[in-house]
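Student: next one to model:
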Amino acid sequence: MSLFMAKRIMKACDEKGVEAGQEKYKAFFIKTKFYADYRQDCDAILYADGYSDCIVIE
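Tutor: Below is the predicted model:
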């Protein structure tokens, strides 16, 4: 699940820019706590693939 979410965030970033990636990240992890268990793994994937700009800290 973490990989799926990370890929969605990366795709949004690639297609529409960093702001779109950040909005997707917020939708998964900031606006709801439903996916909180996947956040750490998703962050690790984003850092490893060079998308750390998409990570939003509340």
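
Student: could you check the pLDDT of E23?
Tutor: E23 carries a pLDDT value of 97.

Student: what's around it, how many residues?
Tutor: 18 (other C-beta atoms under 10 Å). The way it works is simple: take the backbone N, C-alpha and C, and place the C-beta from them, glycine included.

Student: now the one 10 residues further on
Tutor: By other C-beta under 10 Å, 9 other residues sit near K33.

Student: over to C13?
Tutor: Residues contacting C13 under the criterion other C-beta under 10 Å number 21.

Student: ok, it - contacts?
Tutor: Shown in contact with C13 (C-beta atoms under 8 Å, 6 or more residues apart in numbering): 20-21, 24, 51, 53-54.

Student: which stretch of helix or strand covers it?
Tutor: According to DSSP states H and E, C13 maps onto helix 2-16.

Student: mean confidence for that helix?
Tutor: On average, the pLDDT along helix 2-16 is 97.
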